[in-house]
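# Structure of the sequence below:
(chains A and B, ligands or ions: 4)
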Amino acid sequence: MALRGTNLGFYYNKNEWLFRNLNIELSYGEILGISGYSGSGKTSLSRILANYIEPIEGFVEIDEKRAAKGEAHPIQLIYQHPEKAINPKWKMKEVLEESYEPDDAILERFGIRKEWLSRYPIELSGGELQRFCIVRALHPNTKYIIADEISTMLDAVTQTVIWRELLDICKERKIGVAIISHEAALISRLCDRIISLDVSAKKIGA
Amino acid sequence: MKESKQILSVENLKICFTQYVKGLKTRRITPIESLNVSINAGEIMAVIGASGSGKSLLAHAILGILPGNALCEGDITYCGQPLTEEKKIELRGKEISFIPQSVNYLDPLMRVSEQVKIGLPKKDADKQQKELFHRYGLKEKDGELYPFQLSGGMLRRVLFATSIRDNIKLVIADEPTPGIHPEALSTILNQLRAFADDGAAVMLITHDIVSALTVCDRVTVLKDGKTIETTMAENFSADGRHLQHWYSRALWNALPQNSFSVHEEVEAWL
Ligand SMILES: Nc1ncnc2c1ncn2[C@@H]1O[C@H](COP(=O)(O)OP(=O)(O)O)[C@@H](O)[C@H]1O
Ligand SMILES: Nc1ncnc2c1ncn2[C@@H]1O[C@H](COP(=O)(O)OP(=O)(O)O)[C@@H](O)[C@H]1O
Ligand SMILES: [Mg+2]
Ligand SMILES: [Mg+2]
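Ligands and ions are numbered 1, 2, ... in the order given. Here you go, the predicted structure:
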């Protein structure tokens, strides 16, 4: 069982390929690193894998089935900028419960204080918001998580603890995780395997 | 050589918020209890600390952009004078430059080149904007794009470009570097160093201690709304034994470049 991208190719402006002929596979319970320059297309690839946008070429399969756009699916994308991923008009409790009702144990693991639930997003720091986004992604049906530069707004101590908790849960539940980061030191600490979106891996067609 | 004139001093800063809970009941939260930090001309002060420790609020207090329900106490002095709310409005974007943490500060409906031109001298705003884009590795045609069309690292560089103005005396950079690749990162850090070498005071709020250490002079560490330590940059080295506070050592040792670990005693405190 795996999340698989085959022959993926993508651009925003015609024929200015960000990547082409890209093959990528993320198995159950695997922790895969995706590295690459800023602007190399990491976020675009995340959105393709998470089925938010369609590739120009190639296709994405979830557990051997073609992913169809718009369909409910077991892939969760956690964004680089939590402030952009959360409805500013909702209190944090609503933000969480839109996805599912997390129990106290999981809130505790990610250091989410009860009092934050009654606040609006603007009343929390970036790192606090990101913890909500992480918990929100751990829906009981989640099978794959795409984590796009999710810890850059965390201090080193919190970053260490949050990655440990997140990856422990993912290992318990056999969730496959793609960790996207340009930070080599971090990625090499966390991942079983690393692929790069820089030139070598991109194989831009002639 | 380095002057030692003090540009910014923040003493006993306290910030609290009043929130309406139910009906007319109110509740007070005091995220910042007593922050102290001072920065001299020619100096880069890195400000590090737990996420949620009050770094952005500190920046917003200095700039006068706290939300309406915030109450702020303590003394903020700028170039020897109290920094009043009127002064803040007068100086920000001119002598005091701000690079915000949130990309939501960019106008979603305005092309990014136009946003960089705001506040540049009219007659050569065009030329300067192009030059800034070039300096931070943005292509000329990227200027035509709207914020949602840029990658995270590119947005950061645009935000940074909006901070470059003449006659700046104080720079407040709130996590300016996440998501930025190594070359652009060093351009930004070198620019901060250049501001300082031209006589400005620079506050660099960051989690990327390793990069900050390549340019900063001193480091202030915050935890739970308090300043717990201000120390020379070189004390962040080896196993951190020259750092005074256990939390400063914990931050240092938790870096992926160091041991990427957190002691149990530390966790009990989180
Ligand atoms: N909606 C969009 N419209 C046009 N260009 C875009 C859009 N989103 C991203 N881009 C461009 O695509 C390139 C790759 O962006 P992105 O996938 O965010 O890279 P990364 O995450 O690796 O930094 C960048 O040059 C960016 O400007
Ligand atoms: N408008 C607000 N109302 C209530 N609490 C707030 C508000 N803004 C920030 N806070 C709280 O103040 C603390 C410090 O936030 P901030 O300065 O953003 O942290 P950081 O050090 O990560 O930048 C956080 O715990 C946050 O929840
Ligand atoms: Mg990105
Ligand atoms: Mg902040």
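# For the rest of this, base every contact and every neighbour count on C-alpha atoms.
Fine.
# So which bits of chain A are right by ligand 2?
Contact residues (C-alpha under 6 Å from any ligand atom) of chain A with ligand 2: A:Glu123, A:Leu124, A:Ser125, A:Gly126, A:Gly127.
# mind checking the SS state of the last one?
Secondary structure state of A:Gly127, per DSSP: H, G, I helix; E, B strand; the rest coil, is helix.
# That one contacts B:Ser51, correct?
Yes: with contact defined as C-alpha atoms under 8 Å, A:Gly127 counts as touching B:Ser51 (5.4 Å).
# which residues in the chain form strands?
By default, I'm working from chain A. With DSSP state E, the ranges of strands along chain A come out as A:2-10, A:19-27, A:31-35, A:57-62, A:65-66, A:75-78, A:144-148, A:176-180, A:193-196.
# To clarify, I was referring to chain B.
B:6-20, B:26-40, B:44-49, B:70-78, B:81-82, B:96-99, B:170-174, B:201-205, B:218-223, B:226-232.
# just the buried members of the residues of chain A next to ligand 2?
The neighbour count (16 or more other C-alpha atoms under 10 Å in any protein chain shown) marks A:Ser125, A:Gly126, A:Gly127 as buried among the residues of chain A next to ligand 2.
# Name the residues of chain A found near ligand 3, please.
Taking C-alpha under 5 Å from the ion as the contact definition, chain A meets ligand 3 at A:Thr43.
# again, only this time at 8 Å
A:Ser38, A:Gly39, A:Gly41, A:Lys42, A:Thr43, A:Ser44, A:Gln80, A:Asp148, A:Glu149 (C-alpha under 8 Å from the ion).
# Could you measure from A:Ile179 over to A:Ser35?
Remark: distance between A:Ile179 and A:Ser35 (C-alpha to C-alpha, to the nearest Å) = 8 Å.
# if you count what's nearby, which of these two comes out ahead?
Legend: neighbour count by other C-alpha atoms under 10 Å in any protein chain shown for A:Ile179 and A:Ser35, higher for A:Ile179 (24 against 21).
# what distance separates the start and the end of stretch B:215-225?
With C-alpha to C-alpha, one end of stretch B:215-225 sits 25 Å from the other.
# Next, see if that stretch gets close to chain A.
No: using C-alpha under 8 Å from any C-alpha of the partner chain, stretch B:215-225 stays clear of chain A, with a minimum separation of 10.8 Å.
# And the contacts of the single longest helix found in chain A?
If you go by DSSP state H, chain A has its longest helix at helix A:156-173. By C-alpha atoms under 8 Å, 6 or more residues apart in numbering or on different chains, the surrounding residues in contact with helix A:156-173 are A:29, A:109-110, A:134, A:151, A:176-177, B:50-51, B:207, B:250-252, B:254-256, B:260-262.
# Contact residues of chain B facing ligand 1?
So far as C-alpha under 6 Å from any ligand atom goes, chain B lies against ligand 1 at B:Phe148, B:Gln149, B:Leu150, B:Ser151, B:Gly152, B:Gly153.
# how near is the third one to A:Gly39?
Going back to what we said before, that points to B:Leu150. Taken as C-alpha to C-alpha, the span from B:Leu150 to A:Gly39 is 8 Å.
# The fourth one too?
Taking C-alpha to C-alpha as the criterion, B:Ser151 is separated from A:Gly39 by 6 Å.
# Then B:Val171?
Relative to A:Gly39, B:Val171 is positioned 27 Å away (C-alpha to C-alpha).
# A:Ile187 too?
Separation of A:Ile187 from A:Gly39 (C-alpha to C-alpha): 18 Å.
# What parts of chain B come near ligand 3?
Residues of chain B lying near ligand 3 (C-alpha under 8 Å from the ion): B:Ser151, B:Gly152, B:Gly153, B:Gly179.
# I'd like these as TSV, with pLDDT and distance to ligand 2 appended.
Shown next, in TSV, are those (pLDDT from 0 to 100; distance: C-alpha to the nearest ligand atom, whole Å):
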residue	pLDDT	distance to ligand 2
B:Ser151	88	22
B:Gly152	86	18
B:Gly153	86	19
B:Gly179	76	17
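# Out of those, who's the most crowded?
B:Gly179 (27 neighbours).
# contacting residues around that one?
Contacts of B:Gly179 (C-alpha under 8 Å, 6+ apart): A:Ser38, A:Glu149, A:Thr152, A:Ser181, A:His182, B:Gly152, B:Gly153, B:Arg156.
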